[in-house]
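Chemist: sequence first, predicted coordinates after that:
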Amino acid sequence: MRSFVVLSRLAAVAALAVGLSLSPADAQELKIAVAADVTSIDPHFFNLFPNNNIAEHIFDKLVQMDPDSRMIPGLATSWKTVDDKTWEFKLRKGVKFTDGSELTADDVVFSINRVPNVPNSPGPFTAYTKAIQNIEVVDPYTLRFKYAAPYPLAPNDLSTIYIVSKKAATGATTEDFNSGKAALGSGRYKLVRYVNGDRIELVRNENYWGDKPAFEKVQFKIIKNEPARMAALLSGDVDAIEQPPTADLAKLKSDPKFTLTSKISHRVIYFNFDNLERSSPFVTAKDGKPLDKNPLLDVRVRRAISKAINRPAIAERVMEGQAIPSGQLVSEKLFGHNPALKPEPYDPEGAKKLLAEAGYPNGFNITIHGPAGRYVNDEKIVQAVAQMLSRVGIVSKVETAPMGPYSSRASKQEFSFHMVGWGASTGEASSPLRSLLATYNRDKGLGAVNWGRYSNPKVDYLIEQALQQVNDENRSIMLQRATDLAMADLGIMPIHFQFTMWATKKNVQYTPRTDEYTLAFQFKPVKG
Amino acid sequence: MLVYVIRRSMQSVVVLFAMSLLVFIGVYAIGNPIDILINPQADQIDRERAIAALGLDKPLWEQYAVFLKGALTGNLGKSFVHATPALGLILERMPATMELAIAAMVIAVALGIPLGLWAGLKPNGIAGRSIMAGSILGFSLPTFWVGLMLIMVFSVMLGWLPSNGRGPTTMLLGIIPVSFLSWDGLSHLIMPAVNLALFKLALLIRLTRAGTRESLMQDYVKFARAKGLTNGRVIGVHVLRNILIPIVTVIGLEFGSVIAFAIVTESVFAWPGMGKLLIDSINLLDRPVIVSYLLVIVALFIVINLAVDVLYSALDPRVRLSEAKG
C-alpha cells in the first residue's frame, strides 16, 4: 500500500515532468493550504477569520451568504418581520445533525444563548446577539426574535451565528469542541481531526440537506510562510492555496499547470486622519517645529492629500492589478454601495493649490503609520503613498509595525495619519459606517473603531436612523446618503478594495468569494 | 556532586523568576492583545467585557501576581486564543520540535566529527580542503534560503520528498509520538532536519578540525606514537577523547539553541513544533503562551548546561564538580 502511494506519487511527478495533464485529481481528497492558524473548533469561542472559515464547513447557520455576500436561505427557509421589532424565522424541516438527531428551534435558542456565555472568549460574537431581547419558540420550526427597537439587521446578524447541537454541546467547554467530542454540526462536512497548528481533516456529511460537495475528504494544512505555501502547490503536495504571494502572480498566470482565481473582497483599505483639536503628534512644520494646530482638521488639506494619491498606479503596480481603486466604503455588489461616488482622480496640481489655499503653500512634514503583514502589500502601499505626498510638498516618513502593537497605538489616537483595512462582514455599508465613521460613543456602541475620532452629527443621525430602518429600500438610501456626507468630509480616505486570490492546480476549480473565505465545498474537479 | 546539583537548581529558580518578570513586562509593553484579538465589529462594551474576561483590566503588578501564584502550582495560565493551558499546548508541540532537533544534532555529530577529524588529519589533501570549503557554505548561507532551495530542488523539481508538514506519528514507548519510524514520516523529516543541521555541522567540522590539529602537536600524542600504539588507537582514544571536551560543551549549548531557534526551519517547512507556536502566539499577542514558552526554553537551557557540566567531569577527571570558589 505504502509503496503504491510512493509509486503513484512518482508517476504523478513523471507525468508532470513530461508535460502531460493530470487526470482529474482524485476527486476524493482535496488538500488546501491556508495562510493562518485555526485556534479552536468551538464556533462561539473566538470570532476570528480562520476559525470561522473552518466552522463554515462543520456547522450551519440560519442565513448563509452567497459568494457575492448576499443573504440566501440556510437552516431558515424564510424570514420576515412580524412588526418592526419582531422577526420570524421558519426553519427547514428534517435537517439532521451528523449523529442523526434532528435540528429544531431548541438548538437555535441554545446556540444563541451560548454565545455570551463561552468562558474566557477573547473575541465573542456578542455584537450579533446582544440586540435580541428574547426568543419565542412558536413551534419546533418557527422562531420569533424580539428586539427593543426596530432592527433591520437581524438576518445579517444571524448569518454569523453557527448552530450547534443542544444535546452534544450542553455543558461542553471549548476544549471539548477542539477534541471533536462536542463539535457536532449539521454542515456540509464532519470534523475528523483537528491537529493544533498543523491541519484539520474533514469528511463529507452524506446527509446534508443541500447540494453535496464534490470532494469526499478534505485536508486543510496551515502553512503561514508564503514561499512555503507556494512550494507546496508547485510540488503538488496540495491542490490549492489561498493568498499566493504577489511576487509569484506573473509566474502563476503564465504556468499552464495552475489556475489563478481572484475576486474583489469586501475589504476596503483606507487611511484615518487625526481629527483631534491638538498639535497632531506626527505632523510638524517644514523646519521640524511642532505646529500649534492640526492641519489635518482642514478638509482642504485632506482633499489635497486625497488628490495627491495616484490610486490607479497603486492598484496596477503595487498590487499587480489585484485591487480596484475606491471612493467609498463597500464595493459594487454590497448593500448600501453608492454608485455616484467615484475614486478621487489623481491631481497633484490641484493638491498643491488646495494646500496653498489652506495656508500650507510649502506643505509640512508628516509620519505615516501602517501595519506590517496584515493586509495584502500593506507596507508597500504606505510607502507609495508617502512618495506621492512628498511630491506635492508633504514630506513623509513611514513607520510600520505588526498589527498587534500597531492597533494598540492606533486605537489610542497616537498617530496622525495611518492605514487600516475593514471587511464589511455583514455584507452591508452599515458595518463600516457604524464602526468607523459614527462618532465614538461607548453607551450607544457606535464608532468603536473610529480611531481618527471623526465626528459629524448629520452623519450620526443618518446612521442611527438607518440602523432602525427595517425597509430595505429606505435603509439603502440612508446608508448611501451617510456615506456621501462622510466622504465629502473625507472622514476616512479610501484607497482601494483588495482582491482575494486563490491558486489551484489546473484540475481543480474554485468559485471565489467576496468574504475571503476558502471553502472546500466551492472547489470542483475539472477535466484538465 | 549532589551539593553542586542542588546549588545549581536553586540558582536556576532565581533565574527562572527573573526571566518571568522580564518577559512579563516586555510582553505587557508590546500592547493590549484585545485590540488585535477582538473582532473589529465588536462595540466598546464588548471590548471591555473581553478585556475583563482575560484579566487584562488589572494593573501590571496584579496580573503578574496572579501569574506567579498560578506558576507556583504549575499552572502557567490558559492561552487566550486556544482556551487550553499554555504549558500543555507547548508540551503537546514539544515532541515534534525535539524530534527535529535530535535528528539535526545526530546528523551534525555523525557527519561533523568524522569530517572534522579527517580535515584535521589531512589538512592539505583535496578532501580536507573541500570539507573546509563546504563548511564555509554551511556557516554563511541563511537557513530560510537553504530551506527554500531544498524544497525547490527535492520537492518541486525532483518530487522526491514532501515539501512541508510532519508525517504520520506512531507512539514510541507508548507515550512519545514520533514520526521517524515510518518511511512517510521519515521522508517528511529529512529536509527540515538537514536544513537545521547545516549550521551546526559546519561548526562541529571546524571545532573538531582545530582540536585535532592542536592535539596532534601535543607531547602526549608524540609519546603515544613513540610507545608504538597503532594509529587508530592514537586518534580514536588519545586525540578524540581530548578534543571531545570543548565539543561536548558546544554540542550541549547548540542543542539548546537548536530547540529554541528551530523557528525558521519550522515555519519554512510548516513543521508543527514549538517554534511555530511561538511565532503564532507573538502575532496574536497570546501572552500566557509567550511567557510559558520562554520559561520552558530557559528551563531547558539550565538542564542542558547542568548535563554538560556533569558529562565534562566524566570525560576529564581533572574537572571536579565542587563548590567552585571565585
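Modeler: Received it, and whenever you're ready, just let me know what you need.
Chemist: only C-alpha atoms for contact and neighbour calcs from this point on.
Modeler: Fine.
Chemist: by proximity to chain B, which residue of the stretch 201-350 of chain A wins?
Modeler: A:S235 (4.0 Å; Cα to the nearest Cα).
Chemist: give me the neighbour count for that residue.
Modeler: Other residues lying near A:S235 total 25 when counted by other Cα atoms under 10 Å in any protein chain shown.
Chemist: which residue is the nearest non-sequential neighbour of it?
Modeler: Distances taken as Cα to Cα, 6 or more residues apart in numbering or on different chains place B:V156 nearest to A:S235, at 4.0 Å, with adjacent residues excluded.
Chemist: could you pull up the residues touching that neighbour?
Modeler: A:231, A:234-236, B:163 (Cα atoms under 8 Å, 6 or more residues apart in numbering or on different chains).
Chemist: A:L467 now?
Modeler: Counted by Cα under 8 Å, 6+ apart, A:L467 has contacts A:151-153, A:430, A:475.
Chemist: neighbour count, secondary structure and pLDDT added to these, as a markdown table?
Modeler: Formatted as a markdown table, these follow (neighbours: other Cα atoms under 10 Å in any protein chain shown; DSSP: H, G, I helix; E, B strand; the rest coil; pLDDT from 0 to 100):
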| residue | neighbour count | secondary structure | pLDDT |
| --- | --- | --- | --- |
| A:Y151 | 21 | coil | 90 |
| A:P152 | 22 | coil | 89 |
| A:L153 | 19 | coil | 89 |
| A:S430 | 28 | helix | 91 |
| A:R475 | 22 | helix | 92 |
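Chemist: center of chain A, which residue is that?
Modeler: A:G423 (4.0 Å; Cα atoms, centre = their mean).
Chemist: packing partners for the helix or strand B:L300 falls within?
Modeler: Here B:L300 sits within helix B:287-315, counting by DSSP states H and E. The helices and strands touching helix B:287-315, judged by 3 or more Cα pairs under 8 Å, 6 or more residues apart in numbering or on different chains; DSSP states H and E, are helix B:2-30, helix B:86-121, helix B:240-260, helix B:274-283.
Chemist: closest to chain A out of the ones you listed?
Modeler: helix B:2-30 (5.5 Å).
Chemist: angle of the helix or strand hosting B:A133 against helix B:86-121?
Modeler: B:A133 is part of helix B:126-140, with elements assigned from DSSP H and E. Counting by axes from the mean of the first three to the mean of the last three Cα atoms, to 10 degrees, helix B:126-140 lies at 150 degrees to helix B:86-121.
Chemist: next, the angle from the helix or strand that helix B:126-140 is followed by to helix B:126-140.
Modeler: For helix B:126-140, the following helix or strand on the C-terminal side (DSSP H and E) is helix B:143-150. Put simply, helix B:143-150 runs at 120 degrees to helix B:126-140, going by the same axes, to 10 degrees.
Chemist: hmm, who's touching helix B:143-150?
Modeler: With Cα under 8 Å, 6+ apart, helix B:143-150 has contacts from A:227-228, B:191-192, B:195-196, B:264-265, B:268-269.
Chemist: average model confidence for that helix?
Modeler: On average, the pLDDT along helix B:143-150 is 88.
Chemist: with stretch A:175-182 instead?
Modeler: Stretch A:175-182 comes out at a mean pLDDT of 89.
Chemist: can it be found next to chain B?
Modeler: Yes: for a cut-off given as Cα under 8 Å from any Cα of the partner chain, stretch A:175-182 has contacts with chain B, namely A:E175.
Chemist: give me the low-pLDDT residue ranges for the stretch 201-326 of chain B?
Modeler: Residue ranges of the stretch 201-326 of chain B with pLDDT under 70: B:319-326.
Chemist: how about A:D298, what does it touch?
Modeler: So A:D298 contacts A:A358 (Cα under 8 Å, 6+ apart).
Chemist: whoops, A:R144 was the one
Modeler: A:86-89, A:135-138.
Chemist: just A:P213 next, same as before
Modeler: Contacts of A:P213 by Cα under 8 Å, 6+ apart are A:188, A:204, A:520-523.
Chemist: redo these as TSV? Include secondary structure, neighbour count and pLDDT.
Modeler: Below are the contacts of A:P213 laid out as TSV (DSSP: H, G, I helix; E, B strand; the rest coil; neighbours: other Cα atoms under 10 Å in any protein chain shown; pLDDT from 0 to 100):
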residue	secondary structure	neighbour count	pLDDT
A:R188	coil	25	95
A:R204	strand	23	94
A:A520	helix	27	94
A:F521	helix	20	94
A:Q522	helix	15	93
A:F523	strand	20	94
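Chemist: nearest to chain B among the residues you listed?
Modeler: A:A520 (20.0 Å).
Chemist: neighbours around the residue nearest to A:K93 when sequence neighbours are not counted, how many?
Modeler: Leaving aside its chain neighbours, A:K93 sits nearest to A:Y141 (7.0 Å; criterion: Cα to Cα, 6+ apart). When neighbours are counted by other Cα under 10 Å, A:Y141 registers 18.
Chemist: equivalent analysis for the one 5 residues further on, please.
Modeler: Using other Cα under 10 Å, A:K146 has 22 other residues around it.
Chemist: could you do B:A18 as well?
Modeler: Considering only other Cα under 10 Å, B:A18 is surrounded by 12 other residues.
Chemist: returning to what we had before: tell me which residues of the helix holding B:L300 come out buried.
Modeler: B:287-296, B:298-306, B:308-310, B:312 (16 or more other Cα atoms under 10 Å in any protein chain shown).
Chemist: helices along the stretch 301-450 of chain A, start to end?
Modeler: A:311-313, A:348-357, A:378-391, A:403-410, A:430-432 (DSSP state H, counting those that start in this stretch).
Chemist: quick one, which of the ones you listed is nearest to A:H369?
Modeler: Proximity to A:H369 (Cα to Cα) singles out helix A:378-391 among the helices of the stretch 301-450 of chain A, at 7.5 Å.
Chemist: what comes up buried for that closest one?
Modeler: In helix A:378-391, counting by 16+ other Cα under 10 Å, buried: A:378-379, A:381-390.
Chemist: who does it touch, helix- and strand-wise?
Modeler: helix A:299-308, strand A:365-372, strand A:395-402.
Chemist: format these as a markdown table; extra columns: distance to chain B, mean pLDDT and mean neighbour count.
Modeler: Formatted as a markdown table, the helices and strands packed on helix A:378-391 follow (distance: least, Cα to the nearest Cα, whole Å; pLDDT from 0 to 100; neighbours: other Cα atoms under 10 Å in any protein chain shown):
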| stretch | distance to chain B | mean pLDDT | mean neighbour count |
| --- | --- | --- | --- |
| helix A:299-308 | 25 | 95 | 23 |
| strand A:365-372 | 11 | 94 | 23 |
| strand A:395-402 | 8 | 92 | 17 |
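Chemist: let me have those in a markdown table, extended by distance to A:A486.
Modeler: Below are these laid out as a markdown table (distance: least, Cα to Cα, whole Å):
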| stretch | distance to A:A486 |
| --- | --- |
| helix A:299-308 | 11 |
| strand A:365-372 | 22 |
| strand A:395-402 | 25 |
